[in-house]
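**Student:** Just the structure for this:
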Amino acid sequence: LSQGAAVVTGEQSAFDALGADRDTVDVLDGAPAPFGNDLFSIAPMVFPLVMKFYDSLCGFNCPPSHIMGKSRARRKFPQLDEDFKYVQVFYEGSHNDARTATCIALTAAEEGAAVANYTEMIGTIKDNDDNGKVVGIKCRDNLTNETFDVRAKSIIFAGGPFTDELREIEDEQFKPAVAAAAGTHIVLPGYYAPNGIGMLDFNTSDGRFLFFLPWQGSVIVGTTDRKGQPVSSPGPPEEEIRWILSEVEKYLSDDLKVRRADVLSAWQGWRPLASDPHAPPGAPVSRDHVISTNPQSGITFITGGKWTTYREMAEEVLDTVIKSNPALANKAKPCQTQTRPLRGGIGYSKNLPIKLIQKYGVSEDTAKHLASTYGVNAFDVCELTRPSGKRWPKFGHVLIENYPYLDCEVEYACTNEMAVSVKDMLTLRMRLAYLNSEAAKEVAPKVAELMGRALGWSKKEKKRQLEEAMEYFNQFGGPMPNKSVLMTLPTKMDIKSIFQLFDIDDNGYIDFEEMKSVAKELGHNFSNDEEAMKAFIKMDSEKNGRVTFDNFSIWWEKTGKEDALRKKLGDKFAYNFDKAGTGPESRGVAFG
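**Tutor:** Model (predicted):
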C-alpha cells in the first residue's frame with residue numbers, strides 16, 4: 001500500500017481476533033528465576049556477554065542490561081523467594097498487540113485500502129483460460145451471510161497459524177507449511193510483581209520458558225511451544241493453568257500463597273512455525289517468516305515471523321508480489337513503511353497523558369490508557385466524555401471500577417474504528433476479557449446497550465450480541481475451573497471438601513459471591529440476588545458476611561432436604577441423608 005498498489009484486505013472475524021494477544025507479551029525488565037541445575041553455575045560468567053549481545057541487536061537504544069545485587073533485587077522485587085543466587089536484568093518492549101493490529105488496519109484504510117472485518121474467504125476464482133491461475137476470491141460477509149467476489153492482480157494469504165486452512169481452499173492437495181505451537185497464559189492481580197519488572201524462567205520442570213510480566217496493570221504469566229492443531233477458541237486446558245501456578249509458586253516468597261482463585265483470566269493462543277512447501281529439496285528451514293508463491297495458482301502466502309519484524313515482513317511480501325507482476329511493478333513506488341507512523345502516531349508525545357488531564361479533567365489512569373491506546377486520537381475520545389458529577393475526575397464514566405476504560409470509548413470505536421460486536425469490543429478494543437473474564441461478563445450488558453444505541457440495534461440484535469459475547473467469554477479461564485472440570489469431581493466428598501470447594505479464595509471462609517459463583521457452576525442458579533442472599537444468610541449464622549467451616553457445618557446439619565441448595569449438593573455428591581447422622585460426629589462422613 002505504501003508502495004502505491006491498490007489493496008483490499010479482509011479478516012474472517014474482528015481485526016486480529018484469531019491472533020490477538022493470545023501469545024504475545026514481552027518483558028520490560030527481567031530477573032531470571034533461581035536455578036537448580038549444575039549447568040547454570042557458569043551463568044554469572046556467560047549471561048553478561050549474552051545480554052550485551054542482545055542489547056546490540058537494537059543498536060544499544062534500550063537501557064543497558066546489567067547484573068543486580070541480591071539486596072537491591074530484594075528491594076526491587078520483594079515478591080521473589082530470597083533463595084536466589086544470581087540476577088541478570090535485561091530490557092524488552094511491550095505492546096497491546098490487538099491494538100497494534102487494529103491500528104495497522106485503520107492506517108491502511110487511511111492510505112486508501114479497502115478494509116473489511118468479519119469477511120471470510122470461501123473460495124477462489126480461476127482464470128477462464130483454464131491455466132489454474134487464481135484471479136480473485138469468493139467472500140462471505142459473516143454478519144449478513146451475503147456472498148460476493150473480489151478480483152485482483154495478485155492475492156496474498158496472511159492467516160498466521162490458520163494459513164494452511166486458506167491454502168487448502170486454494171488447493172486440496174497442498175503441502176502443509178505451518179506447524180502451530182500453543183501458549184497458555186494466565187493473568188494474576190498486579191500485586192504479584194512490582195511495576196515495570198518481570199521475570200523469565202527458562203528452567204521450568206518440563207523445559208519450556210515461562211514469562212512472568214507486568215501487563216496492563218496486572219501480571220501475565222505464560223508459556224509457549226505446546227504443539228497441536230490451532231483452534232479459534234481461547235479456552236485453556238485446566239492442567240496448563242495449574243502447571244503454571246505450580247511453577248510460579250517455586251520462585252515466589254514462601255509467605256505468598258499462590259491461589260487458583262487469583263487467576264483473573266486465562267486463555268491459549270497459537271503462533272505459526274513455518275516452512276516453505278514450494279522450496280527445492282534440501283532448502284534450509286526458515287527460523288523466521290516464510291514467503292512462498294504457488295507456481296500453479298499464482299497465490300503468495302506469508303506465515304511465521306513475529307511482531308518485531310511485521311513491517312519488514314509486509315515489505316518483503318509486497319516486493320515478492322510486485323516483482324512477479326509487471327503491471328504492479330510499473331506503478332510501484334519505494335516502500336515508505338519505515339517512516340509511516342500508525343494511526344494516532346503523528347503528533348504524539350510522551351506528555352500526551354498530561355495534556356489530556358489538564359484539558360479534559362480525566363483521571364491519570366484513564367489518561368495514560370487513552371494515550372497509549374489511541375495516540376493523538378485520544379483527544380477525539382475525550383471530546384465524547386460527560387461530566388462525572390465528582391470532584392475528581394471531573395469528566396469520564398468508567399465502564400467498571402478498577403479499570404480505566406470509559407463508556408464513551410464504546411461509541412468512538414463503533415463510529416470510528418469499525419467495531420461491530422460486543423465480543424470484539426471487550427476482547428480486542430478493550431482487553432477486559434483477557435484481563436478479567438468475570439469483569440467482562442459483568443459489564444457486557446452495559447456495552448451491548450451502548451453499542452445498540454450507537455449502531456441502531458434492535459432488541460433482538462442486542463440479545464443475540466449479548467448471548468454470543470457471553471458464550472465466548474465463558475471459554476476463558478477465571479477464578480474457578482470451568483463447569484466441565486467441576487462436574488468431574490469425585491462423587492464421594494466429605495463436608496470439609498465441599499466447604500473448600502466453595503472457599504475459592506482459600507482464606508478460610510465463604511463469602512456471598514463465592515457461594516453464588518460455585519452454586520451456579522454446579523448447576524444451581526438463583527433467580528436473583530435476593531434469593532441468593534436468603535440462602536447465604538442461612539449459612540452465615542454469625543451475620544458478618546463470612547461463613548466459616550463451623551458455620552457451614554452447622555448449616556449442613558440443620559438444613560433439611562427442602563433447602564434447594566442443600567438438596568443440589570446432596571444430589572451432586574450422592575449424599576445419603578439416612579447415613580449422615582446429626583451433630584459434630586457427622587462432619588467427617590463421606591457422601592455416597
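**Student:** what's the longest helix in the chain?
**Tutor:** The residue-count maximum for a helix in the chain (DSSP state H) belongs to helix 437-455.
**Student:** Would you enumerate the residues in contact with residue 519?
**Tutor:** 525, 526, 532, 535, 565, 568 (CB atoms under 8 Å, 6 or more residues apart in numbering). (Each C-beta comes from the backbone N, C-alpha and C, glycine too.)
**Student:** Could you look up the SS state of the first one?
**Tutor:** Going by DSSP: H, G, I helix; E, B strand; the rest coil, the secondary structure assigned to residue 525 is coil.
**Student:** Please, which helix or strand holds the nearest residue to it once chain neighbours are set aside?
**Tutor:** Sequence neighbours aside, residue 519 is the residue nearest to residue 525 in space, at 7.6 Å (criterion: CB to CB, 6 or more residues apart in numbering). Element membership of residue 519, judged by DSSP states H and E, is helix 512-521.
**Student:** So in this protein, where's the weakest helix or strand by average pLDDT?
**Tutor:** Sorted by mean pLDDT, DSSP states H and E, the helices and strands of the chain end with strand 29-30, the least confident at a mean of 36.
**Student:** which residue ranges form the helices in the stretch 151-300 of the chain?
**Tutor:** 163-170, 238-251 (DSSP state H, counting those that start in this stretch).
**Student:** what does the last one contact?
**Tutor:** Among residues not part of helix 238-251, those counted as contacts by CB under 8 Å, 6+ apart are 33-34, 80-81, 84, 184, 186, 188, 192, 199, 201, 204-206, 210, 212, 221-223, 226, 258, 260, 263, 266, 268, 477, 481-482, 485.
**Student:** Restrict it to CA atoms and write it as CSV.
**Tutor:** Extracted as CSV, the C-alpha positions of helix 238-251 are listed here (Å, rounded to 0.1, in the frame of the first residue of the first chain):
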residue,chain,number,x,y,z
GLU,A,238,-7.1,-26.6,33.2
GLU,A,239,-4.0,-28.7,33.6
GLU,A,240,-1.9,-26.0,32.0
ILE,A,241,-3.3,-23.4,34.4
ARG,A,242,-2.4,-25.5,37.4
TRP,A,243,1.0,-26.3,36.0
ILE,A,244,1.8,-22.5,35.5
LEU,A,245,0.6,-21.8,39.1
SER,A,246,2.8,-24.6,40.4
GLU,A,247,5.9,-23.2,38.5
VAL,A,248,5.2,-19.7,39.8
GLU,A,249,5.0,-20.9,43.4
LYS,A,250,8.6,-22.2,43.1
TYR,A,251,10.2,-18.8,42.8
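**Student:** Mean confidence (pLDDT) on that helix, please.
**Tutor:** Helix 238-251 shows a mean pLDDT of 90.
**Student:** just how off-centre is that helix within its chain?
**Tutor:** 18 Å (CA atoms, centre = their mean, to the nearest Å).
**Student:** For it, buried residues please.
**Tutor:** 238, 240, 241, 243, 244, 245, 247, 248, 250, 251 (16 or more other CB atoms under 10 Å).
**Student:** Then stretch 351-363?
**Tutor:** 352, 353, 355, 356, 357, 360, 361, 362, 363.
**Student:** what does stretch 218-225 give?
**Tutor:** 218, 219, 220, 221, 222, 223, 224.
**Student:** on that earlier part again, any idea how far the residue nearest to residue 525 is from residue 199?
**Tutor:** 37 Å (CB to CB, to the nearest Å).
**Student:** Residue 543 now?
**Tutor:** Counting by CB to CB - residue 543 and residue 199 are separated by 44 Å.
**Student:** Neighbour count for those two, which is higher?
**Tutor:** residue 199 (24 against 7; other CB atoms under 10 Å).
**Student:** Am I right that that one is in contact with residue 209?
**Tutor:** No - assessed by CB atoms under 8 Å, residue 199 is found out of contact with residue 209, at 11.1 Å.
**Student:** Residue 236 contacts residue 477, doesn't it?
**Tutor:** Yes - assessed by CB under 8 Å, residue 236 is found in contact with residue 477 at 5.1 Å.
**Student:** Report the set of residues contacting both of the two.
**Tutor:** 186, 266, 267.
**Student:** how much space between the residue nearest to the first one when sequence neighbours are not counted and residue 107?
**Tutor:** The one in question is residue 186. What sits nearest to residue 186 in space, not counting adjacent residues and going by CB to CB, 6+ apart, is residue 266, at 4.4 Å. In this view, residue 266 and residue 107 are 32 Å apart by CB to CB.
**Student:** So which of these two has more stuff around it?
**Tutor:** More crowded of residue 266 and residue 107, by other CB under 10 Å: residue 266, with 27 against 19.
**Student:** got a list of what residue 509 touches?
**Tutor:** 503, 546, 547, 548.
**Student:** Just flag the most distant two among the residues you listed.
**Tutor:** For the contacts of residue 509, the farthest-apart pair by CB to CB is 503 and 546; their separation is 10.3 Å.
**Student:** then stretch 524-532 to PDB, C-alphas only?
**Tutor:** Provided in PDB are the C-alpha atoms of stretch 524-532 (Å, rounded to 0.1, in the frame of the first residue of the first chain):
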ATOM      1  CA  HIS A 524     -28.000 -24.300  40.900                       C
ATOM      2  CA  ASN A 525     -29.000 -20.900  39.500                       C
ATOM      3  CA  PHE A 526     -30.700 -18.500  41.900                       C
ATOM      4  CA  SER A 527     -33.400 -16.500  40.200                       C
ATOM      5  CA  ASN A 528     -32.000 -13.200  41.600                       C
ATOM      6  CA  ASP A 529     -29.500 -11.800  44.200                       C
ATOM      7  CA  GLU A 530     -32.300 -11.500  46.700                       C
ATOM      8  CA  GLU A 531     -32.900 -15.300  46.600                       C
ATOM      9  CA  ALA A 532     -29.200 -15.900  46.700                       C
END
